[in-house]
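Asks: Okay, here's the prediction I keep looking at, along with the sequence it came from:
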Amino acid sequence: MNLSKILLVEDDPDIQKVVRMSLKLRGIKDITVVENGEECLAVVGQVQPDVILLDVMMPKMDGYETCRRLKANPDTRGYPIIFLTAKAQQFEIKRGIQEGAIGYLTKPFDPMTLHEQIVAMLKQNAEKKP
Amino acid sequence: MLRSRLLWQFVFVSALVAVVIVVKNLALLYQLSLPEPDLNEIRLQTIILGVLAVLAILLVAVVHIRFVRRNIRRLVNGLERVRKGEYPKLLVEGADEMAEVIRGFNQMVEELRTRDDKLKNWAGEREQELVKLSRSLEEERERLVTVLESIADGLIVLDSEGQVLMVNKRVSEIFGAPREALAGANLSKLIDQMHHRLVNPESTEEKVRELLRHPERMDEVTLELDQPSGQAIRLYCMPVRGADGKVLGRIATALDLGRERELERMKAEFLSTISHELRTPLTSIKGAIGLIRGGATGALSVDARELLDIALNNTERLIQVINDILDIFQLERGQALISPVAMSLTQSIALATQQVAQQAEARQIEIETRLPETLPTVKGDPRRVEQVLINLLTNAIKFSSPNHKVIVTVEKQDESVAVSVQDFGRGMTRDFQERLFRKFEHERDSLTRESQGAGLGLAICRHIVEAHGGRIWVESEEGRGSTFHFTLPVDGQGLPPKPTREEPRPVALPRQLILVVDDDEDVARVIAFVFESLGHRVLRAHNGKEAIELARRHKPDMITLDLVMPDVDGFSVLRQLRTGPETSKIPIICISIRPDATSAIASGADFYLEKPVDIEKLREVATQALAAGHRG
């Protein structure tokens, strides 16, 4: 399992910085940041990330809709998606997983273990695949 | 003269005496030898006198009879007038018995008048009272009707047969039918008429019939209507009993759930929004502080670390409050996902104890666990059960005096397992014991209370335990401490906990010797506890030197090694173990608070786990390590 390229879809500039720094500390330097779902759909084919970290509440297109569109498109269906959101109620988490995400991380997250959590989710997802 | 009783008597007696004398004289005349003419004259005079006396007697008799008759007629007239409601006063003539009778009659009539007057007065007063009472009853009735009509919920009064006796205006609005059509109808028929509007008509109608079959029960039924608004009506039925306890009928309140659901939706939306808006800045705060505290910006002074820890701890507290508010809201609505499986309480207790170990240590509290030798699996959601245990343990630690114990006891009961968490703190008042499982409750008021937090923890515990079909309660005595108890149902089929991954079951391994190395006594105890519960023997070492010594002497089948220890660094211990001939092949699991996996494996560890240790993961890794045996 390779984790070197991340696409972060997040509209809050402070959180963008925290995620960037947190992942850079673990040696991940290739982090593309976009601010909403529309931008994500526009760049995902170009970036070809190992994982997409997706916020839910964003302008123009929310995270659930973005996830649904990514999963509906055969070209983008394969990108693993992890929601990284302040939507922390159980039905919201359930909805995120139902939309096709491999994991759901709630904000506030621990910046020192963010990388490990992403890796664990990717690993678990890889184990599930036949 | 004649009216005088004595005079009449005198005349009557005189006449009578005269008649006697006449008769006697006539008799004497026959005996006397008087010349015939004289005799005839005397005889004639005597007879005349006698006749006059008889006439006088007759006259007296006639006059008297007429007098009596007149008085009797008067009395009859008087009585007739009395019968008509008059109060006549009759003329009293003379002083004889008749006069006495009439006087008595007059007196009686007078008394009758007095009594009638009194009666009339009394009746008048009663009538006035009755009018007043009737007016007040009418006012009361109007007030009651106004109240009933103003109630936001529908109100239906039914007789014992389910016939509608009365409805208020709201019922008519909720059911969308005129009041006249509802009153007098049968509830069952009313629901049948709504058949086409009901989402589940058959089951709803059956439920209504069932409800009507048992008027003595308190019951409820929800009518889900699909068109056009997705409206729902909930009927709560209560029996109405007479003084003898007999069911006279029932009162049903009809609640339009539309408004309630709308309010719930608004509440959910508000909570979701507020939670999101609080979490977003907290993410930046926690993230920024966490990165600095984690060394992302370079080395920190001790003071800076301490201050950042304060900031981080308080951020966590704030996050916990937000989480608790969301949690209680979801639990109350029955929306929280609780997935009960067959689970081991022993494991949950070990995990919970590990979670609170740091707090306990900070307050110098020892947590003692008393478990029976065998314990059946219970049916529960492990994450939620652990949440309850952590909550109870945190409270017990918080309210214990330093250097005291907190005792966790588990006992098997008939169909359940009871867990109790006992502290020897200050205890609580009876009043607080009654309300502490409610939301936002603190023992003192909000201005003087000593404990922190939103007061949601125990309310959450209650909801979780009750959602599992268990019970939670407290026993407490002021100054002596408190014991919180809760029960969980024993798993019906006695299933072992569901394996989360397809790894070999650890219980299949033979009994082996494991060395647990950790400077934190509580962590060492929890890890040892996990292995002992699998049937292994455990040695414990609390520093590097002790670890190397015990490993060389006992040659254990496996070692778990904490990498961050005060005296000898864990990496140094690892290298020494790997270079020593007796210990070089022992499988070693390194455990660290730091993400040191790569370095640990490079230094000779077989496996690596990060703290806080996931017990399930530890069991899996240990199973693999023990199954692999000593390094070839």
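Replies: Received, thanks. It should be emphasised that the depicted structure is a prediction, and the values quoted were computed from it without experimental measurement.
Asks: contacts and neighbour counts: CA atoms only from here.
Replies: OK.
Asks: ranges for the helices of the stretch 201-350 of chain B?
Replies: Assigned by DSSP state H, counting those that start in this stretch, the stretch 201-350 of chain B shows helices spanning B:201-213, B:257-293, B:302-332, B:345-362.
Asks: So the helix ranked longest in chain A, near chain B or not?
Replies: Ranked by residue count and defined by DSSP state H, the top helix of chain A is helix A:114-128. No: on the criterion C-alpha under 8 Å from any C-alpha of the partner chain, helix A:114-128 is out of touch with chain B, staying 8.6 Å away.
Asks: And stretch A:98-105, by the same measure?
Replies: No: if you take C-alpha under 8 Å from any C-alpha as the test, stretch A:98-105 misses chain B, and the best it gets is 11.7 Å.
Asks: Would you work out how far apart the start and end of that stretch are?
Replies: Across its full length, stretch A:98-105 reaches 15 Å end to end, with C-alpha to C-alpha, to the nearest Å as the criterion.
Asks: Quick check: the residue nearest to B:Lys207 when sequence neighbours are not counted vs B:Lys169, distance?
Replies: Leaving aside its chain neighbours, B:Lys207 sits nearest to B:Val221 (6.8 Å; criterion: C-alpha to C-alpha, 6 or more residues apart in numbering or on different chains). Distance, B:Val221 to B:Lys169, using C-alpha to C-alpha: 20 Å.
Asks: where's the one residue sitting closest to the centre of chain A, which helix or strand?
Replies: In chain A, the residue lying closest to the centroid (C-alpha atoms, centre = their mean) is A:Leu53, at 1.5 Å. A:Leu53 belongs to strand A:51-54 when assigned by DSSP states H and E.
Asks: quick one: contacts of that strand?
Replies: By C-alpha atoms under 8 Å, 6 or more residues apart in numbering or on different chains, the residues outside strand A:51-54 that reach it are A:3, A:5-10, A:63, A:79-85.
Asks: looking at chain A, which helix or strand does the model trust least?
Replies: In chain A, no helix or strand scores lower on mean pLDDT, DSSP states H and E than helix A:90-98, which sits at a mean of 84.
Asks: any chance you could map the strands in chain A?
Replies: A:5-9, A:30-34, A:51-54, A:81-85, A:103-106 (DSSP state E).
Asks: Lowest average pLDDT across those strands?
Replies: With a mean of 91, strand A:103-106 has the lowest mean pLDDT of the strands of chain A.
Asks: about what we covered before: got CSV for the strands of chain A, with distance to B:Ile319 too?
Replies: Output for these, formatted as CSV (distance: least, C-alpha to C-alpha, whole Å):
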stretch, distance to B:Ile319
strand A:5-9, 23
strand A:30-34, 26
strand A:51-54, 21
strand A:81-85, 14
strand A:103-106, 11
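Asks: B:Leu312 and B:Ser275: what is the separation?
Replies: Relative to B:Ser275, B:Leu312 is positioned 19 Å away (C-alpha to C-alpha).
Asks: Pull up the per-residue confidence for the residue in chain A that chain B sits nearest to.
Replies: The nearest approach of chain A to chain B comes at A:Pro108, 3.9 Å away (C-alpha to the nearest C-alpha). If you check A:Pro108, the pLDDT there is 90.
Asks: What sits closest to the residue of chain B found nearest chain A if chain neighbours are left out?
Replies: Chain B approaches chain A most closely through B:Thr283 (3.9 Å), counting by C-alpha to the nearest C-alpha. With C-alpha to C-alpha, 6+ apart as the criterion, B:Thr283 has its nearest non-adjacent residue at 3.9 Å, and that residue is A:Pro108.
Asks: do the same with B:His542
Replies: Leaving aside its chain neighbours, B:His542 sits nearest to B:Asp519 (4.2 Å; criterion: C-alpha to C-alpha, 6+ apart).
Asks: quick one, phi/psi of that neighbour?
Replies: Main-chain torsions, B:Asp519, degrees, to the nearest 10: phi -70, psi -20.
Asks: How many neighbouring residues does it have?
Replies: 20 (other C-alpha atoms under 10 Å in any protein chain shown).
Asks: Next, the contact list for it, please.
Replies: Counting by C-alpha under 8 Å, 6+ apart, B:Asp519 makes contact with B:Ala541, B:His542, B:Asn543, B:Asp562, B:Met565, B:Pro566.
Asks: Which pLDDT value goes with it?
Replies: 81.
Asks: wouldn't B:Ile102 be in contact with B:Lys89 here?
Replies: No: B:Ile102 is not in contact with B:Lys89 according to C-alpha atoms under 8 Å; the separation is 9.0 Å.
Asks: Between the two, which is the more surrounded one?
Replies: Taking neighbours as other C-alpha under 10 Å, B:Ile102 and B:Lys89 compare with B:Ile102 leading, 21 against 14.
Asks: In contact with the more buried one, which residues are there?
Replies: B:Asn71, B:Leu75, B:Leu90, B:Leu91, B:Val92.
Asks: Now the first one: closest residue in space that isn't a chain neighbour?
Replies: In this case it means B:Asn71. With sequence-adjacent residues excluded and distances taken as C-alpha to C-alpha, 6+ apart, B:Asn71 is closest to B:Met98, at 7.0 Å.
Asks: now that neighbour, what's its secondary structure?
Replies: helix (DSSP: H, G, I helix; E, B strand; the rest coil).
Asks: ok, how many other residues are close to it?
Replies: Using other C-alpha under 10 Å, B:Met98 has 18 other residues around it.
Asks: what's the burial count for B:Val530?
Replies: Around B:Val530 there are 20 residues (other C-alpha under 10 Å).
Asks: no wait, A:Asn73
Replies: The tally of other residues near A:Asn73 (other C-alpha under 10 Å) stands at 10.
Asks: State the distance from it to B:Glu366.
Replies: From A:Asn73 over to B:Glu366 (counting by C-alpha to C-alpha), the distance is 57 Å.
Asks: For B:Val240, list the residues it contacts.
Replies: Here B:Val240 is in contact with B:Val247, B:Leu248, B:Gly249, B:Arg250, B:Ile251 (criterion: C-alpha under 8 Å, 6+ apart).
Asks: The first one bridge partners, please.
Replies: On DSSP bridges, the residues paired with B:Val247 through beta bridges are B:Arg241.
Asks: Test for you: state the pLDDT assigned to it.
Replies: pLDDT at B:Val247 comes out at 87.
Asks: my guess is it meets B:Arg217, correct?
Replies: No: at 9.8 Å, B:Val247 does not count as touching B:Arg217 under the criterion of C-alpha under 8 Å.
Asks: which residues are common contacts for these two?
Replies: Taking C-alpha under 8 Å, 6+ apart as the contact rule, B:Val247 and B:Arg217 both touch B:Pro239.
Asks: by contact count, what packs against the strand or helix carrying B:Leu515?
Replies: Assessed by DSSP H and E, B:Leu515 sits inside strand B:513-517. Using 3 or more C-alpha pairs under 8 Å, 6 or more residues apart in numbering or on different chains; DSSP states H and E, the elements in contact with strand B:513-517 are helix B:521-533, strand B:537-541, helix B:544-554, strand B:558-562.
Asks: Could you single out the most deeply buried of those?
Replies: Among these, strand B:558-562 has the highest mean neighbour count (mean count of other C-alpha atoms under 10 Å in any protein chain shown), at a mean of 27.
Asks: tell me the angle of that one relative to strand B:513-517?
Replies: Interaxial angle, strand B:558-562 versus strand B:513-517 (axes from the mean of the first three to the mean of the last three C-alpha atoms, to 10 degrees): 10 degrees.
Asks: For strand B:558-562, name the packing helices and strands.
Replies: When contacts are defined as 3+ C-alpha pairs under 8 Å, 6+ apart, strand B:558-562 packs onto strand B:513-517, helix B:570-579, strand B:588-592.
Asks: would you list the ones you listed in a markdown table and tack on mean neighbour count and distance to B:Leu59?
Replies: Formatted as a markdown table, the helices and strands packed on strand B:558-562 follow (neighbours: other C-alpha atoms under 10 Å in any protein chain shown; distance: least, C-alpha to C-alpha, whole Å):
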| stretch | mean neighbour count | distance to B:Leu59 |
| --- | --- | --- |
| strand B:513-517 | 25 | 152 |
| helix B:570-579 | 19 | 159 |
| strand B:588-592 | 26 | 152 |
